[in-house]
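S.K.: Model the structure of this input:
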Amino acid sequence: MDYKLFWTLTPKTLKPFFIADMNKFKRENDVYDSRNWQLGQYIKIAYGDILGSAFGKSKVDNYPKTPMFQSEKNNKLKEKELSEDEKNIERLKAKVFFQNLGDFVAIKK
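M.R.: Numbering: from 1, shown residues only. As a prediction, the model looks like this:
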C-alpha cells in the first residue's frame, strides 16, 4: 500500500489490509517454526549418534542420508498442483478482485 492510499482510507477500510498483513506474518512464522523444528530433529539425531558411539553403544549411523521430510514435501507439492484451467480460473478471480478493489478505492476518493 502506498503512502497516499494509506492516508485516504478510513480505519474500517484499512482493516482488510491489516488482516492480510497479519496472515502473511503468521504464515511466514509458521514456515520458520517448521524449519527450526526440522533443524532440531537433525541436531537431535546427530548428538544421539555422537553420544551413543562415545559411550560404547553400537556404532550405527542413524543420521539420515537424504532429507527426512523430502517425500512429505514432494507429496504436498503434488497435491497443490493445479491444472491449466484451474490456474486460469484463479488468475481471473484475482484480476476481478483487484479491479473491484481499484473501483472501491476510486469511489472513496
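S.K.: What count of nearby residues applies to residue 67?
M.R.: 11 (other CB atoms under 10 Å). Glycine gets a C-beta too; all of them are placed from N, C-alpha and C.
S.K.: Just the element for residue 97, please.
M.R.: Residue 97 belongs to helix 84-108 when elements are defined using DSSP states H and E.
S.K.: and that helix, what's its mean pLDDT?
M.R.: Average pLDDT, helix 84-108: 74.
S.K.: which strands and helices sit next to it?
M.R.: Packing contacts for helix 84-108, counted by 3 or more CB pairs under 8 Å, 6 or more residues apart in numbering; DSSP states H and E, involve helix 3-8.
S.K.: Report the mean confidence score over the helix it packs on.
M.R.: 83.
S.K.: ok and the next helix or strand after that helix relative to helix 84-108, angle-wise?
M.R.: For helix 3-8, the succeeding helix or strand toward the C-terminus, using DSSP H and E, is helix 11-54. Orientation check (axes from the mean of the first three to the mean of the last three CA atoms, to 10 degrees): helix 11-54 against helix 84-108 gives 140 degrees.
S.K.: returning to what we had before: identify all contacting residues around the helix holding residue 97.
M.R.: 5, 8, 9, 10, 13, 82 (CB atoms under 8 Å, 6 or more residues apart in numbering).
S.K.: could you dump those to JSON lines with distance to residue 47 and neighbour count?
M.R.: Supplementary listing: those in JSON lines, determined by distance: CB to CB, whole Å; neighbours: other CB atoms under 10 Å:
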{"residue": "5", "distance to residue 47": "52", "neighbour count": "14"}
{"residue": "8", "distance to residue 47": "56", "neighbour count": "12"}
{"residue": "9", "distance to residue 47": "52", "neighbour count": "18"}
{"residue": "10", "distance to residue 47": "55", "neighbour count": "8"}
{"residue": "13", "distance to residue 47": "53", "neighbour count": "13"}
{"residue": "82", "distance to residue 47": "41", "neighbour count": "10"}
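S.K.: Right, I'll leave it there.
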